[in-house]
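Visitor: okay, here's the prediction I keep looking at, along with the sequence it came from:
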Amino acid sequence: MRISAQHLIGRMTLFARGFARGGATYVVVGVLLGLSMLLLAVYSINVFVGYAYVTIGRVSFWIEKPLEAVARSLAIASLVLALISLILLTFTLGFRPILSISYAALVLLSFFLSPPLVLIPLAILLIVSLSAMRGCSSCLNGFVMGLIYSIAGVEIVVLLYNVALLAGFRLPWLSSIVSFELCSWALLWPLAIAILLLSSAILLLRFGLGIGGGDVARGSSAGGAIFAVASVMLATIMGLVGYMPTVNSYGAPLNVDWAFYYDALQRMLASSNPFAEAFRAWPVYGDRPLYMILLYIVSKTLSIDPKTLCLYHNIFLFQLYALSTYFMTRKLLGEYIARYAALIAVATPNIASFVYGGFQADLFTLSLMQFAIGLAYTPSLRSLVAVSMLSLVALLTHVYTWVHFAALFIVNAVAMLVLSLYRRDFDRRSVIMMLSMVLLVVVGVVSDAGVSFFLGKLRLISIEYFWNQVVSGLKSLKQLNFHRLWSDMEFYMNIYTGGSLNNPLYWLLFAISTLLTPINTGIISYTYASTAIAVAMFAINPLYAYRMLINTPTAPIVAAGMSRLGKWERTLIIVSLYSVALTKTLSFIPGLKLP
């Protein structure tokens with residue numbers, strides 16, 4: 001029996017359309033396009049940017065075109081995957097086969113004439129494919145699922161390698177995949193910067209045009225306590241893995257700041273007046289006296305060796321951070337999103353920065369301020385008192401972090417006041433919340449002035465100091481140019497604290513989630529405004545911008561985006577985030593050779 005080409009194509013089209021009704025075709029196309037776009041992004045940055053920073057053994061290496069040996073293979077693989085997806089879409093969506101054939105010829109011709117030219121037709125393919133699937137929610141879901149599967153497929157292999165390494169043996173047959181993953185994420189550093197800038201633009205569009213958002217994703221709120229406990233366990237594990245003898249036989253410290261805390265604590269222990277010494281023991285005069293007093297009390301009461309305490313106490317701060325993230329997110333976005341925020345809290349680039357840098361007083365105060373945010377959204381007189389006390393403690397443990405969040409509390413109070421005036425609705429809940437936020441700031445300012453006035457030399461860093469820093473930074477804007485701004489962001493993204501902030505996967509999830517997260521004054525103030533200000537601060541004071549960025553609670557936003565996905569996809573994202581975070585931690589260990 002003779003079968004014509006037209007008949008064969010017709011049968012294939014019917015089969016593909018039937019396959020697509022269940023969304024399976026779009027999942028396959030999504031996987032193919034996801035892999036194709038990832039390979040294409042890595043290939044294009046390798047060609048056009050041409051360098052990356054890879055941190056191994058706590059040393060950040062500048063590498064020129066790290067994937068040059070496989071660049072051509074990356075482009076060919078991206079081509080093949082994209083063309084297969086185009087063929088599937090041709091039969092599924094009823095395109096004429098001649099279009100696929102013509103497009104394939106164009107892509108191949110452009111590649112062999114000049115490989116970089118292939119970016120143009122492949123970018124067009126992505127736009128056309130997404131546009132073709134635009135009217136079908138299951139189609140777009142398939143594409144998103146495909147992207148998740150593509151990344152998770154690589155990260156699961158990397159996670160297996162890292163777990164084996166922690167167990168004391170290597171899997172050399174996986175080392176090439178691990179090397180590829182390391183170099184790929186490192187190469188995508190311009191994408192991470194671009195995404196951060198894009199996130200700020202998305203926020204402006206959302207507020208100006210009312211794009212995205214909607215109601216909080218609904219789901220079962222049961223088992224919140226289980227998720228909170230699980231987050232504490234994960235925080236403990238992530239804090240300890242860097243000190244396992246299988247990967248860190250000498251017990252080399254991972255964080256930088258332990259030496260400063262040890263020196264300050266030694267001076268307090270040797271002083272006849274340790275509490276007075278707490279105000280001048282730290283290199284920066286008087287910015288964390290209460291935190292030093294707490295370390296002194298713990299060391300004396302529990303008879304803990306000062307060096308051991310300063311080296312390892314930040315591990316317990318990760319647990320406190322996970323719990324405070326859960327508490328704050330539950331108040332702002334509900335129990336359902338809070339449990340995912342708690343799970344990913346210690347797998348964020350924020351915590352990777354604390355693992356490398358230490359910043360112990362900063363992390364402790366950040367956790368206190370997140371508890372304060374949650375309490376401010378619990379309108380009662382008792383919470384009003386608690387917020388005031390937390391503000392005072394935060395001011396005395398790390399004044400930089402207090403100033404950051406005090407400013408955000410004022411932003412939130414003003415936003416609530418404007419909203420109440422617009423709605424002409426001043427209910428008791430809103431009034432108490434606004435009072436809590438204003439009181440937090442007032443208590444801090446009065447305490448700062450009071451300590452300076454009554455204790456004389458035992459003064460805190462004045463809040464005026466920060467104002468002078470901002471004014472100085474604004475004056476430097478006269479010399480600002482795009483090259484300097486990009487160079488500063490490049491340094492703090494790739495080199496400072498071992499490139500801990502360079503996590504394109506996380507920032508991509510953050511950018512996407514900014515379109516999905518419900519808008520309320522808390523989210524606007526503590527995450528969106530904080531992110532936008534931090535990015536803008538790179539033009540004024542890059543170091544302050546970095547510190548603001550790592551202090552910004554981004555996990556609730558990513559969790560809100562995750563909550564709209566299926567259970568399997570959420571699991572894959574969490575596994576991928578922990579795989580990247582574990583690789584980061586292992587790369588901070590001095591002398592440890594990753595593949």
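Guide: It's in.
Visitor: any low-confidence regions in the stretch 351-500 of the chain?
Guide: 379, 415-416, 419-481 (pLDDT under 70).
Visitor: could you rerun that using 50?
Guide: 453-454, 456-460 (pLDDT under 50).
Visitor: cool, the chain as well?
Guide: Looking at the chain by pLDDT under 50, you get 1, 3, 5, 7-22, 209-212, 214-218, 453-454, 456-460.
Visitor: in the particular helix or strand that has residue 408 in it, what's buried?
Guide: Using DSSP states H and E, residue 408 sits within helix 399-423. Under the neighbour-count criterion of 16 or more other Cβ atoms under 10 Å, helix 399-423 has 399-409, 411-413, 415-417 buried. Heads up, the C-betas are built off the backbone N, CA and C, glycines and all.
Visitor: next, residue 63: phi, psi?
Guide: phi -120, psi 130 (degrees, to the nearest 10).
Visitor: and if you look at residue 58?
Guide: The phi/psi pair for residue 58 (degrees, to the nearest 10) is phi 70, psi 10.
Visitor: could you find the closest non-adjacent residue to it?
Guide: residue 590 (4.6 Å; Cβ to Cβ, 6 or more residues apart in numbering).
Visitor: for that neighbour, what are its contacts?
Guide: 57-58, 252 (Cβ atoms under 8 Å, 6 or more residues apart in numbering).
Visitor: what is the helix holding residue 408 packed up against?
Guide: helix 360-376, helix 381-397, helix 428-454, helix 463-475, helix 521-523, helix 542-551 (3 or more Cβ pairs under 8 Å, 6 or more residues apart in numbering; DSSP states H and E).
Visitor: try it again with 10 Å
Guide: Judged by 3 or more Cβ pairs under 10 Å, 6 or more residues apart in numbering; DSSP states H and E, the packing partners of helix 399-423 are helix 360-376, helix 381-397, helix 428-454, helix 463-475, helix 521-523, helix 530-537, helix 542-551.
Visitor: just to revisit the earlier point, helix or strand: which one has the residue nearest to residue 58?
Guide: Applying DSSP H and E, one finds residue 590 in no helix or strand.
Visitor: how about residue 350?
Guide: Here residue 350 is assigned to helix 349-357, by DSSP H and E.
Visitor: just the C-alpha atoms of that helix, please, in PDB.
Guide: Output of helix 349-357 as PDB, limited to C-alpha atoms (Å, rounded to 0.1, in the frame of the first residue of the first chain):
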ATOM      1  CA  PRO A 349      22.500  33.900  47.800                       C
ATOM      2  CA  ASN A 350      21.800  36.100  50.900                       C
ATOM      3  CA  ILE A 351      22.800  33.300  53.200                       C
ATOM      4  CA  ALA A 352      25.700  32.200  51.000                       C
ATOM      5  CA  SER A 353      27.100  35.700  51.600                       C
ATOM      6  CA  PHE A 354      26.700  35.300  55.300                       C
ATOM      7  CA  VAL A 355      28.400  31.800  55.100                       C
ATOM      8  CA  TYR A 356      31.500  33.400  53.500                       C
ATOM      9  CA  GLY A 357      31.600  36.800  55.200                       C
END
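Visitor: buried stuff in it?
Guide: In helix 349-357, counting by 16+ other Cβ under 10 Å, buried: 349-357.
Visitor: and it with helix 360-376, angle?
Guide: 150 degrees (axes from the mean of the first three to the mean of the last three Cα atoms, to 10 degrees).
Visitor: flag every buried residue along the helix or strand hosting residue 263.
Guide: Residue 263 belongs to helix 258-270 when assigned by DSSP H and E. Within helix 258-270, the residues scored as buried using 16+ other Cβ under 10 Å are 258, 260-262, 264-265, 267-268.
Visitor: go on, stretch 47-59?
Guide: For stretch 47-59, by 16+ other Cβ under 10 Å, it's 47, 52-56.
Visitor: hang on, the earlier thing: rebuild the contacts of residue 590 as a markdown table, extending it with distance to residue 545.
Guide: Formatted as a markdown table, the contacts of residue 590 follow (distance: Cβ to Cβ, whole Å):
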| residue | distance to residue 545 |
| --- | --- |
| 57 | 28 |
| 58 | 24 |
| 252 | 29 |
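Visitor: confirm residue 256 sits in a helix?
Guide: No: secondary structure of residue 256 (DSSP: H, G, I helix; E, B strand; the rest coil): coil, not part of a helix.
Visitor: count the neighbours of it for me.
Guide: 13 (other Cβ atoms under 10 Å).
Visitor: so it touches residue 311, yeah?
Guide: No: when contacts are counted by Cβ atoms under 10 Å, residue 256 is not listed as touching residue 311 (11.5 Å).
Visitor: and residue 590, backbone torsions?
Guide: Backbone phi and psi, for residue 590 under degrees, to the nearest 10, turn out to be phi -60, psi 130.
Visitor: same thing with residue 358?
Guide: Dihedral angles (degrees, to the nearest 10) for residue 358: phi 90, psi -80.
Visitor: verify the stated contact: it with residue 261.
Guide: Yes: counting by Cβ under 10 Å, residue 358 touches residue 261, with 7.8 Å between them.
Visitor: can you check which residues contact both of the two?
Guide: 255, 310-311, 314 (Cβ atoms under 10 Å, 6 or more residues apart in numbering).
Visitor: name the residues of the strand or helix carrying residue 586 that are buried.
Guide: Per DSSP H and E, residue 586 falls inside helix 567-587. By neighbour count on 16+ other Cβ under 10 Å, the buried set for helix 567-587 is 569-570, 572-574, 576-587.
Visitor: which strands or helices does that helix pack on?
Guide: Counting by 3+ Cβ pairs under 10 Å, 6+ apart, helix 567-587 packs on strand 51-56, helix 137-167, helix 175-187, helix 224-240, helix 335-344, helix 349-357, helix 504-513, helix 555-562.
Visitor: and the shortest one, what does it pack against?
Guide: For strand 51-56, the contact count by 3+ Cβ pairs under 10 Å, 6+ apart identifies helix 24-48, strand 59-64, helix 175-187, helix 189-209, helix 482-494, helix 567-587 as packing neighbours.
Visitor: tilt between the fifth one and helix 542-551?
Guide: Orientation of helix 482-494 against helix 542-551 (the same axes, to 10 degrees) gives an angle of 40 degrees.
Visitor: cool, and the third one?
Guide: Between the direction of helix 175-187 and that of helix 542-551, the angle (the same axes, to 10 degrees) works out to 120 degrees.
Visitor: dump the buried residues of helix 349-357 into a markdown table; add distance to residue 500 as well.
Guide: Converted to a markdown table, the buried residues of helix 349-357 look like this (distance: Cβ to Cβ, whole Å):
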| residue | distance to residue 500 |
| --- | --- |
| 349 | 6 |
| 350 | 9 |
| 351 | 9 |
| 352 | 4 |
| 353 | 4 |
| 354 | 8 |
| 355 | 7 |
| 356 | 5 |
| 357 | 8 |
